[in-house]
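Engineer: need a structure here:
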Amino acid sequence: MKSTRHHSVVARREQLVRSIPDVGNYRSLLYIGANVERMEMLDLFIEKGYRIDILEAWPENLAGLVEWAVSNGVTIQHFIEGDVRTFDREKAYDVVMWWHGPEHVTREELPGVLHRLELAARHLVVLACPSGLSPQDEVYGNPFERHSATLYATDMRDFNYKINILGKTDKPNSNLISWKRVSFRVNTLGKDNRPKMKSELTIMPTGACNMDCPHCSQRTWRADYRDYQMSMDEVRTICRRAVELGLHYERLYITGGEPTLWANFEEACRYAKASGVFSSIWVSSNCVEVERLSRALDARLIDKVCTQMSNASIPGVESLQRKYGIRVAVSQYRTIHKPLPITPLEHVLPARCGCDRLVVFESRIYPCAGAYPHMKRLGLNMDDPRVWAGVDENWPEFFRGKNRLSQTACRVCVANRNVWDRIPTP
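Structural biologist: The predicted model follows:
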């Protein structure tokens, strides 16, 4: 049995080097998923002098790898306990290898995981999995060992990966290698290689609200969209298009209306997390629906709740703060509310608002959260194609470096500090 296993490993190594001749020519590696009994390709990179980080989800496996490295005098830069579906790395690697890993996530989760791996790689992403059927349940109590997807060469080609198959598809010991060469993209907004145009993408999934604050900047929008509920199809389209465009955002910011009145709240957060497009999910809430927010925080579907004391349920805020501490951000910002200008002010552009977000609703993307409500209030043409981009368009290209009609909205928006400073305090 050991001899058969040894020959299988040798054949797979030969398959890897034959498929990707330069795989040993780089310097750094993120190796995903290993234990002391199964780390088939790790020796190849150790022999080549790679700087190696290992990511492993099962704590017992990670502890065994640490002991193995110490006992054998092997230098591993970092041992990282983490799930590849949610892992956000602190640096980029020349090569990212997920050896016999893709079959351990669902087909729905796979696109988001591959997107994360491609963002983490400077040059190569290398994957391996069984070719076709290979059923497997938990092993030694480790739920991460379960095979959750059956993958074929056509599946990996659909993600623009090159492939090579060892053995026979749907038979034991088959090996499907997939690889993609990626270009290192410099991110001007951060320290890593994520290609971001904006640091935040905002969605307004419902106009419903269980409060009616007189100073709310979204009152006009909410009146028009009181019954609006963003569909899951729209959420999936946003994430899919972001993946296709190679975008990554530090935050998905969910506002409204009141997000906890959105029927798809939990499902949408779960899908957005799995997509790999967003590092975190923040929710702007009035904290009336404490139980729903608590469930989402407990399940790590969302990372932070943001609220303003002047717009919130005080008992709800205090209850959440006691339980979740810094995961509930409470702002006293602008507890003094000033009336919105009736007509656009002069000499208040360029806007001084620090707004670094695009806003999505009804399958349209607007340049900021104030664009729609203020433009609607001013009676501007909301169907003007110069104002918004469709979610299926190349929206980074659409908005980059262009002056939009929405700048008229900046002239009446109190988030623009130039406007705020011109309005007398009541």
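Engineer: Which of the three states applies to residue 306?
Structural biologist: Residue 306 falls in the strand class when you classify it by DSSP: H, G, I helix; E, B strand; the rest coil.
Engineer: Tell me what it is bridged to.
Structural biologist: residue 284, residue 329 (DSSP bridges).
Engineer: State the distance from it to residue 202.
Structural biologist: Separation of residue 306 from residue 202 (CB to CB, to the nearest Å): 12 Å. All C-beta atoms are positioned from the backbone trio N, CA, C, and that covers glycine.
Engineer: of those two, who's got more company?
Structural biologist: Ranked by neighbour count (other CB atoms under 10 Å), residue 306 and residue 202 place residue 202 first, with 23 against 17.
Engineer: Isn't the more buried one up against residue 249?
Structural biologist: No: Residue 202 is beyond contact range of residue 249, at 9.7 Å (criterion: CB atoms under 8 Å).
Engineer: which stretches of the stretch 301-426 of the chain aren't confidently modelled?
Structural biologist: 309-310, 331-337, 354-356, 400-406, 426 (pLDDT under 70).
Engineer: let's see 80
Structural biologist: Applying pLDDT under 80 to the stretch 301-426 of the chain picks out residues 308-312, 326, 330-340, 350-357, 367-387, 396-397, 399-408, 414-415, 425-426.
Engineer: Mind checking the pLDDT average for the lengthiest strand in the chain?
Structural biologist: Scanning the chain for the strand with the most residues, using DSSP state E, yields strand 121-129. When pLDDT is averaged along strand 121-129, the result is 93.
Engineer: just checking, what packs against it?
Structural biologist: Contacts defined by 3 or more CB pairs under 8 Å, 6 or more residues apart in numbering; DSSP states H and E place strand 121-129 against helix 2-19, strand 93-99, helix 110-120, strand 175-181.
Engineer: Quick one: closest of the ones you listed to residue 295.
Structural biologist: helix 110-120 (22.1 Å; CB to CB).
Engineer: and residue 411, which of the helices and strands packed on strand 121-129 is closest to it?
Structural biologist: helix 110-120 (37.5 Å).
Engineer: Dump the closest one to PDB, keeping only the CA atoms.
Structural biologist: What follows is helix 110-120, C-alpha atoms only, in PDB (Å, rounded to 0.1, in the frame of the first residue of the first chain):
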ATOM      1  CA  LEU A 110     -15.600  27.800  -5.700                       C
ATOM      2  CA  PRO A 111     -15.800  31.000  -7.900                       C
ATOM      3  CA  GLY A 112     -15.300  33.200  -4.800                       C
ATOM      4  CA  VAL A 113     -12.400  31.000  -3.500                       C
ATOM      5  CA  LEU A 114     -10.600  31.100  -6.900                       C
ATOM      6  CA  HIS A 115     -11.000  34.800  -7.000                       C
ATOM      7  CA  ARG A 116      -9.300  35.100  -3.600                       C
ATOM      8  CA  LEU A 117      -6.500  32.900  -4.600                       C
ATOM      9  CA  GLU A 118      -5.900  34.800  -7.800                       C
ATOM     10  CA  LEU A 119      -5.700  38.100  -5.900                       C
ATOM     11  CA  ALA A 120      -3.100  36.500  -3.600                       C
END
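Engineer: got the angle between that helix and strand 93-99?
Structural biologist: Here the directions of helix 110-120 and strand 93-99 differ by 150 degrees (axes from the mean of the first three to the mean of the last three CA atoms, to 10 degrees).
Engineer: ok, and what's touching helix 110-120?
Structural biologist: Applying CB atoms under 8 Å, 6 or more residues apart in numbering, the contact partners of helix 110-120 are 30, 32, 84-85, 87-89, 92-93, 96, 98, 102, 105, 125, 149, 159, 180, 182, 193-194, 239-240, 243, 248, 274-277.
Engineer: What about the residues you listed, which are in strands?
Structural biologist: If you go by DSSP E, the contacts of helix 110-120 have 30, 32, 93, 96, 98, 125, 180 in strands.
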